[in-house]
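S.K.: Test case, fold it:
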Amino acid sequence: MNSNTQLKAGFEYIYSNYDISSEFNDAVDTRVMAIGSISNLFFGENIDYESPYRLHESWTATPQQGAAYIQGKLTFNQMVIKLGARMDYFSAGGENNIFSDFDQFFTQQNNDARKDSAATVSAEKQVVLSPRIGISFPITDKTKFYFNYGQFRQMPQAQYLYRMQEKSFTVGRSAITGLGNPNMPMPRTSAYEIGYERVLTNEYLLQFSGYSRSVDNQVSFQTFISDAMIYTIAMPNNYNDVRGLELTLSKVKGNWVRGFLNYTYMDFSAGNFGITGVIQNPLDENEYYSITQDHYQTKPIAQPYARLNLEFFLPEQTGLRLLSDWHIDLLSQWRAGKVFTWSGPILDQVDDKNGVQYIPHPTIKNNLRTKNFYSLDLRFSKKFKTRFGSVQLFIDVTNPLNLKFMYFEHPFITTGENPLSDYNDYMASLHLPLSAFDDVEYYDYPYMFIPGEDQPGDYPKSNLEFVPINIVRGDYLLPPAVVMESRDPNELYYVYNSGTYMQFIDSQWQNADPGFVQDVLNNKNYINMPDNIQTAFLNPRGLKLGIRISFK
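M.R.: Model (predicted):
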């Protein structure tokens, strides 16, 4: 419009066509359920889980999305203001089923009869306005302050709008177990950012920013339970919040080296608005309300991370064609380990329920952190100029130092009477620090363990034989000779009350050889590794060759 005022606007239209059909058949449905789960409390008595069944859903949909935006950019004495707004339109299309809670629509019945009796109404259309604002102004000739705010909308995931999942045990008859909601509002993201930048020298830039992002109207599922039916409906009751700080030092200019160092601290929380279960029987409903944690907010401990990127290159002006325009990119990363709760082996204490019943220690929470994660990747590249454009040859080397990292959550086997026994074996074999149980008295420790400095994610040195260390409370509980004669002579026993290591040698119990014990402890041979060990280490060294051609 003039030298100080700019204006831009635009629109978009998206038309989608879904034609979905999926089916799942299985003879046995296996579940692992946690205490407080509505499914665990009330599934089981009226549903036949052992009979062969079929899950099926089939739907078509043609949702339409539209948007129009306008934004103005104003400049006053090097202060820049951007003001704008975006209008989003969404039409899920199709029909929305009309029913009441525990409607006969959901019960097992003839499929054709259900279709003939279903009442529907056209899905609602949505129009929303999202504001945007950005302000940037200099404080000195080398410093700048800025602030950004905006709201953003997106289409809900299609399956949560249209799905009608049918579960059938016989041909031609089914029950509705899952239903979408075409009136689901578009999830809304509200984002704030405030930042500060300073030019340290002509080559170095320091940036510091804080941000907050909240998302609401996300999909969650409400479960309805009665003697005749169990079904879930998609509802817009989930939310999450992210807050963080970032500090970045960049080398933005240089003839030989450029790059940046970034540190990020991010805090995350999520939850549901309200209870996720509706139960027809008032007695069962009161029991569920008394113990449910469905509406509790989850707030994991933050995992800060840092990234370093360095780019080494030979500029074109070196004079030697083969040596010029070479680039070596180094990208390394550090991430703090995940914090979680461990209060002893998780046991299957209830025999007449599906899955594991586990009540953690009431005062132990977030007491362990997994090992920190480190990574390093490299890229070598060279550009050649040709008559039709440029050609870049590159070599990507992932994990060139072959750093070994155990992906703690991946490798545990979950089969057998207690699906968590493999996890229990690994965790119980670690020599955890006493500080992990600072919240309880010594006499109230949840289980006997050997104090040490291990962290979840530790593993023994390669190609060493496993040496189990069994724990007994006192000497009087050491196994008798008739049992030990057939056992591995290297097997160690730790006497908990005295803190001594014992070995069965020459048909009698003796104090273990201190040198042998120290070797076992130093090499961590005592760690009972997961059974599915092939998925424990998923960061092998890799090499990739490539070519990129850019035409003029």
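S.K.: Could you identify the helix or strand that succeeds the lowest-mean-pLDDT helix or strand in the chain?
M.R.: The helix or strand with the lowest mean pLDDT-type score in the chain, counting by mean pLDDT, DSSP states H and E, is helix 38-42 (a mean of 47). Moving toward the C-terminus from helix 38-42, the next helix or strand (DSSP states H and E) is strand 53-61.
S.K.: following that following strand, which helix or strand comes up?
M.R.: strand 64-76.
S.K.: what stretches of the protein score poorly on pLDDT?
M.R.: 26-52, 316-323, 348-360 (pLDDT under 70).
S.K.: what about the helices in it?
M.R.: Remark: helices assigned in the chain by DSSP state H are 38-42, 111-117, 159-162, 282-291, 421-429, 481-484, 514-523.
S.K.: Adding distance to R307 and mean neighbour count, write the ones you listed out as JSON lines.
M.R.: Heads up, the C-betas are built off the backbone N, CA and C, glycines and all. Formatted as JSON lines, the helices of the chain follow (distance: least, C-beta to C-beta, whole Å; neighbours: other C-beta atoms under 10 Å):
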{"stretch": "helix 38-42", "distance to R307": "40", "mean neighbour count": "20"}
{"stretch": "helix 111-117", "distance to R307": "54", "mean neighbour count": "11"}
{"stretch": "helix 159-162", "distance to R307": "34", "mean neighbour count": "22"}
{"stretch": "helix 282-291", "distance to R307": "43", "mean neighbour count": "12"}
{"stretch": "helix 421-429", "distance to R307": "30", "mean neighbour count": "20"}
{"stretch": "helix 481-484", "distance to R307": "53", "mean neighbour count": "12"}
{"stretch": "helix 514-523", "distance to R307": "33", "mean neighbour count": "14"}
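S.K.: What separation do you get for L249 and F313?
M.R.: From L249 over to F313 the distance is 19 Å, taken as C-beta to C-beta, to the nearest Å.
S.K.: do I194 as well
M.R.: 34 Å.
S.K.: neighbour count winner among those two?
M.R.: Using other C-beta atoms under 10 Å as the criterion, I194 and F313 rank with F313 on top: 18 against 15.
S.K.: Quick check: the more buried one touching D325?
M.R.: Yes. In terms of C-beta atoms under 8 Å, F313 counts as a neighbour of D325; the distance is 7.4 Å.
S.K.: Can you list the residue ranges for strands in the stretch 351-500 of the chain?
M.R.: 368-369, 373-385, 389-398, 469-472, 492-495, 500-505 (DSSP state E, counting those that start in this stretch).
S.K.: Reformat these as CSV; add distance to K338.
M.R.: Formatted as CSV, these follow (distance: least, C-beta to C-beta, whole Å):
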stretch, distance to K338
strand 368-369, 7
strand 373-385, 9
strand 389-398, 22
strand 469-472, 26
strand 492-495, 28
strand 500-505, 32
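S.K.: so which of those strands comes closest to N202?
M.R.: Taking C-beta to C-beta, strand 373-385 is the member of the strands of the stretch 351-500 of the chain nearest to N202, at 25.7 Å.
S.K.: Could you give me the buried positions within that closest one?
M.R.: Burial within strand 373-385, assessed by neighbour count using 16 or more other C-beta atoms under 10 Å, is assigned to 373, 375-376, 378-379, 381-383.
S.K.: Pairing partners for it, with directions?
M.R.: strand 326-335 (antiparallel), strand 389-398 (antiparallel) (DSSP bridges).
S.K.: chain center to that strand: distance?
M.R.: Mean-position distance between strand 373-385 and its chain equals 28 Å (C-alpha atoms, centre = their mean, to the nearest Å).
S.K.: Give me the contact list for that strand.
M.R.: 325-335, 337, 390-401, 403, 405, 539 (C-beta atoms under 8 Å, 6 or more residues apart in numbering).
S.K.: Tabulate the CA atom coordinates of that strand in CSV.
M.R.: Taking C-alpha atoms only, strand 373-385 is exported to CSV below (Å, rounded to 0.1, in the frame of the first residue of the first chain):
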residue,chain,number,x,y,z
PHE,A,373,20.3,-40.0,25.4
TYR,A,374,23.3,-39.0,23.2
SER,A,375,23.5,-39.1,19.4
LEU,A,376,25.9,-37.9,16.7
ASP,A,377,25.3,-37.8,12.9
LEU,A,378,27.5,-36.6,10.1
ARG,A,379,26.9,-35.5,6.5
PHE,A,380,29.6,-35.1,3.8
SER,A,381,28.5,-33.2,0.7
LYS,A,382,29.9,-31.6,-2.4
LYS,A,383,28.2,-29.5,-5.1
PHE,A,384,29.1,-29.4,-8.7
LYS,A,385,27.7,-26.7,-11.1
